[in-house]
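Need coordinates for the following:
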Amino acid sequence: METESTNGTQVKLTAKDYASDQDVRWCPGCGDYSILAQVQRIMPSFNLTREKTVFVAGIGCSSRFPYYMNTYGFHGIHGRASSIASGLKMARPDLDVWVTSGDGDLLSIGGNHFIHTLRRNLDIVIMMFNNKIYGLTKGQYSPTSEHGKVTKSSPFGTLEEPFNPLTLALSSGGSFVARAMDRDAKHMQDTISKGHNHKGTAFIEIFQNCNIYNDGAHFLYTEKETKPDNTLFVENGKPLIFGEHKDKGIKLNGFRPEIINFNENGNSINDVIVYDETSKELAMIVAQLSDFEGFPMPFGVLYKVNKPVYEEQMELQLEDSVNKLGKGSLEKLLFEGSTWEIK
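Residues are numbered from 1 along each chain as shown. Sure thing, here's the model as predicted:
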């Protein structure tokens with residue numbers, strides 16, 4: 001990426017140029033460090049200026065993100081990051097707008113704003129850092145905490161079933177739905193880049209470890225010993241295979257997914273689903289795999305489809321209205337109809 005320096009010459013930016021002068025204040029070992037590093041590394045590749053880039057956050061550990069990016073930023077109130085980002089994108093469609101939020105911030109008090117942002121399909125990127133806990137407020141259970149989770153706010157275990165963020169995003173009309181993890185830097189970079197390059201609202205859930213209040217929540221999917229048999233990396237046009245020796249796959253029996261082993265019962269890779277990221281039906285099935293015992297957790301881009309972008313439709317509607325009705329007058333609007341003069 002190039003931008004003009006103060007002396008008028010062109011300079012290429014690097015990851016260091018996207019790091020602010022603020023001390024990063026997350027707990028040592030927090031997965032947020034990895035997410036921050038990967039975002040800073042890929043930002044120069046987008047061919048944008050920092051002056052046209054904005055990171056918007058709500059409340060939570062993840063919401064410190066704007067302070068650490070050498071771009072514009074907005075630290076909003078709890079759960080309102082999606083709304084703030086939506087308003088910003090509508091007012092300034094030329095800006096590159098990002099949202100960083102946590103599972104508590106985005107799916108609890110911010111849940112209503114989140115689903116309607118997806119429904120409208122503004123051209124923004126939403127990254128949700130999912131550690132399955134409230135970290136900043138010291139360890140209460142969140143909307144993604146598993147059933148029976150014992151925390152400070154659920155001493156006898158939670159009674160609710162957790163949200164599946166991917167199925168929530170899909171059913172809310174999301175046009176780009178994906179998942180990555182903090183400990184797989186290359187895959188995370190690739191997933192975030194694909195989300196940014198998508199025209200529309202890109203939702204990316206990132207599994208992130210909170211080593212203070214929920215350490216190891218995702219270790220089954222991130223550790224070398226357990227990762228191969230418990231993760232499924234989805235790629236468009238490729239078969240859904242997994243396992244340490246890539247000898248397992250997912251096939252459909254009607255609408256019901258099944259795991260097959262290529263070394264048993266004459267099964268082969270030809271029996272496996274070849275993934276189509278434009279199929280919402282398939283995305284819903286794969287997004288729910290981990291809800292069933294023994295099935296792997298899916299990662300990658302589960303759904304990607306082109307849909308009309310909200311701010312562009314809004315601009316066309318405004319232009320059409322002006323052409324039909326004229327530019328209009330705010331003063332006339334305020335004083336038309338019945339008015340009273342108070343003396």
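
Quick one: the helices in the stretch 151-300 of the chain, in order.
Per DSSP state H, counting those that start in this stretch, the stretch 151-300 of the chain carries helices over the ranges 165-171, 185-197, 219-222, 227-230, 280-287.

would you list the ones you listed in a markdown table and tack on mean neighbour count?
For every residue, glycine as well, the C-beta is placed using N, CA and C. Output for these, formatted as a markdown table (neighbours: other Cβ atoms under 10 Å):
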| stretch | mean neighbour count |
| --- | --- |
| helix 165-171 | 21 |
| helix 185-197 | 18 |
| helix 219-222 | 18 |
| helix 227-230 | 16 |
| helix 280-287 | 20 |
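
mind giving me TSV with these and columns for distance to Cys27 and mean pLDDT?
Output for the helices of the stretch 151-300 of the chain, formatted as TSV (distance: least, Cβ to Cβ, whole Å; pLDDT from 0 to 100):
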stretch	distance to Cys27	mean pLDDT
helix 165-171	23	98
helix 185-197	19	98
helix 219-222	17	96
helix 227-230	24	97
helix 280-287	30	98
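
Distance to Phe207 added to the ones you listed, as a markdown table?
Output for the helices of the stretch 151-300 of the chain, formatted as a markdown table (distance: least, Cβ to Cβ, whole Å):
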| stretch | distance to Phe207 |
| --- | --- |
| helix 165-171 | 10 |
| helix 185-197 | 10 |
| helix 219-222 | 7 |
| helix 227-230 | 12 |
| helix 280-287 | 14 |
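
closest one to Lys343 among those?
Closest approach to Lys343 among those (Cβ to Cβ): helix 165-171, 56.0 Å.

packing partners for the closest one?
strand 176-181, strand 202-207, helix 280-287, strand 297-304 (3 or more Cβ pairs under 8 Å, 6 or more residues apart in numbering; DSSP states H and E).

can you rerun that using 6 Å?
strand 176-181, helix 280-287 (3 or more Cβ pairs under 6 Å, 6 or more residues apart in numbering; DSSP states H and E).

Minimum distance to Pro162: which of the ones you listed has it?
Of the helices and strands packed on helix 165-171, nearest to Pro162 by Cβ to Cβ is helix 280-287, at 13.5 Å.

Any idea which residue is closest to the centre of the chain?
Ile204 (2.5 Å; Cα atoms, centre = their mean).

Correct me if wrong: that one contacts Ser193.
No. Between Ile204 and Ser193 there is no contact under Cβ atoms under 6 Å: 10.4 Å.

Quick check: chain neighbours aside, which residue is closest to Tyr213?
Distance criterion Cβ to Cβ, 6 or more residues apart in numbering; nearest residue to Tyr213, sequence neighbours excluded, is Gly139 at 3.8 Å.
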